[in-house]
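Asks: Sharing a sequence plus its predicted fold:
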Amino acid sequence: MTLTDIRIEDSYPTRIAAEPRLIERTHPTVWGSEKDGPIDAAALRSHRDKGYSMVEGLLSPAEVQGYWQELVRLSGDEELKRDERVITEKASGEVRSIFEVQRLSDMIAGLVVDPRVLDRARQILGSDVYLHQSRVNYMPGYKGRGFYWHSDFETWHAEDGMPIPRAVSCSIALTDNYPFNGGLMIMPGSQGEFVQCVGSTPENHYRASLQEQEIGVPSHDDITKLAAEHGIEQFTGQAGSALWFDCNIMHGSGNNITPYPRSNIFLVFNSVENTLVEPYAADKRRPGFIANRDFSPLTR
C-alpha cells in the first residue's frame, strides 16, 4: 500500500490517469489585511486579483552588488558543486540552481528575515510563516534554459504534501530583467484554478524535474484555455526589484539566447497553518533541502 492509497481528503487531486480538468480554487490568494503589514489596501487587492505584485527597488544598488558577489562565490565553489543541493544545466553542466541557500550564505539567511521581505510574506499569508524552500537561480547568457508552464503548488502538493495553496514566492532580481533574456512569464489571475496533470510520479523524480520537468506539467489544451482567459504578462525591471507571486499561478520562462545573464534569489514562504503532510501523489517525501520540514516560525 502506498501513501496515496490511504489519502482520505484531497481538495486538489493531480497526477491522474483520467482526462485532466480545471478545479476551482476554494482558498484565498491573500489571507491578511492592510493592517497586517506594509502593503496598502490597493496593492493587496491587485495581488489578490492578479496573483502577483512587484516591488521596485526592494534592494539598493549597493545591496544588489553584494548579493551578486555572493552568488558568484557560491557558483565558483568547486567543493560545493559536488553537493546534491547544486543543480546543473542538463546540457552544459553549468550551475542552474543552488537550493537551501540560506544554510550556505549568512547574507541570504539575513535576507530571509529582513522586514522588507518577511513582513510582506506574513501579510499576504495572514499568519506566521516558515521557509518552505530557498534557492538562487542562474540563467547564463546564450546557454540558459527556461522552464515549461507549471504551477508550483501542483508539485508541492503532489510531491511534498502541502495541503492547500497558502504559500507565496518572492523572486528578487540580481540582474536586469528584459523581455528578451528569459524573464518569467505569468498568467495573471490563473491562480484561481488548479490545473490537474496527467501521469504518475516516478521514484526520485526531483533529480530530473529540477533540470527539466516533464511530469506535473499541464496539457497544451489547458494552457491554451488559461492563456485565452487570462493573457500573459512578463516580469521585467531593474536589478533589486522583487516579484511576489502566488504558489498556484501558472508561470514559465523561455531560454536565454542573449548575451545578458539573469540571476535571482528565490524564497518560498508557507503559512505555519499549512505545514506539510505526506505527499499526495508520490510514494515518498522529497529531500529536506527542497521541501523544508522545520516549521518553526521565522522571526526578525
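Replies: Thanks, I have the structure now. Owing to the predicted nature of the structure, the values given are computational and were not obtained by experimental measurement. Numbering: from 1, shown residues only.

Asks: C-alpha only now, for contacts and for neighbours.
Replies: OK.

Asks: lowest confidence element among the helices and strands of this protein?
Replies: helix 206-209 (a mean of 62; mean pLDDT, DSSP states H and E).

Asks: Just the CA trace of the helix or strand following it, in CSV.
Replies: Downstream of helix 206-209, the next assigned helix or strand under DSSP states H and E is helix 220-230. Written as CSV, here are the backbone C-alpha positions of helix 220-230 (Å, rounded to 0.1, in the frame of the first residue of the first chain):
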residue,chain,number,x,y,z
HIS,A,220,-1.5,22.1,-24.2
ASP,A,221,-5.3,22.4,-24.2
ASP,A,222,-5.3,23.6,-20.6
ILE,A,223,-2.5,26.1,-21.2
THR,A,224,-4.4,27.4,-24.2
LYS,A,225,-7.6,27.8,-22.2
LEU,A,226,-5.8,29.7,-19.4
ALA,A,227,-3.9,32.0,-21.8
ALA,A,228,-7.1,32.8,-23.7
GLU,A,229,-8.8,33.7,-20.4
HIS,A,230,-6.0,35.5,-18.6
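
Asks: mean confidence for the next helix or strand after helix 220-230?
Replies: For helix 220-230, the following helix or strand on the C-terminal side (DSSP H and E) is strand 233-234. On average, the pLDDT along strand 233-234 is 95.

Asks: now do stretch 32-47
Replies: Mean predicted lDDT for stretch 32-47 stands at 97.

Asks: Begin at 46, not 1, for the rest of this chat.
Replies: OK, 46 is where the count begins now, so the last one is stretch 77-92.

Asks: Endpoints of it, how far apart?
Replies: End-to-end distance for stretch 77-92, by Cα to Cα, to the nearest Å: 12 Å.

Asks: List the buried residues for that stretch?
Replies: G77, S78, D81, G82, P83, I84, L89, R90, H92 (16 or more other Cα atoms under 10 Å).

Asks: Let's see which of those residues end up in helices.
Replies: Members of the buried residues of stretch 77-92 lying in helices (criterion: DSSP state H): L89, R90, H92.

Asks: how close does the first one sit to V213?
Replies: Right, the one you point to is L89. L89 is 13 Å from V213, by Cα to Cα.

Asks: cool, the last one as well?
Replies: Here the criterion is Cα to Cα. By it, H92 lies 11 Å from V213.

Asks: go on, L312?
Replies: 9 Å.

Asks: and if you look at A273?
Replies: Counting by Cα to Cα, the gap from A273 to V213 is 25 Å.

Asks: The two - which one has more neighbours?
Replies: The residue with more neighbours, out of A273 and V213, is V213; 29 against 11, by other Cα atoms under 10 Å.

Asks: Surely the more buried one forms part of a strand?
Replies: Yes - per DSSP: H, G, I helix; E, B strand; the rest coil, V213 lies within a strand segment.

Asks: what residues are up against it?
Replies: Counting by Cα atoms under 8 Å, 6 or more residues apart in numbering, V213 touches A166, I169, L170, W289, F290, D291, C292, V313, F314, N315.

Asks: how about the nearest residue to it, chain neighbours excluded?
Replies: Once flanking residues are discounted, V213 sits nearest to D291: 4.8 Å by Cα to Cα, 6 or more residues apart in numbering.

Asks: pLDDT of the helix or strand containing V117, averaged?
Replies: In the assignment (DSSP H and E), V117 maps to helix 106-120. Here helix 106-120 scores 94 as its mean pLDDT.

Asks: any idea how far V146 lies from L219?
Replies: Where L219 is concerned, V146 sits at a distance of 15 Å (Cα to Cα).

Asks: As a check, name the ranges of all strands in the stretch 196-345 of the chain.
Replies: 212-218, 229-231, 238-240, 278-279, 287-291, 296-298, 307-316 (DSSP state E, counting those that start in this stretch).

Asks: which neighbours does the fifth one have in its sheet, and in what orientation?
Replies: The one in question is strand 287-291. Strand partners for strand 287-291, identified by DSSP bridges, are recorded as strand 97-100 (antiparallel), strand 212-218 (antiparallel).

Asks: Count the neighbours of S56 for me.
Replies: 12.

Asks: Also R345?
Replies: If we define neighbours as other Cα under 10 Å, then R345 has 10 of them.

Asks: Not counting sequence-adjacent ones, nearest residue to G299?
Replies: Closest to G299 by Cα to Cα, 6+ apart is G191, at 4.4 Å.
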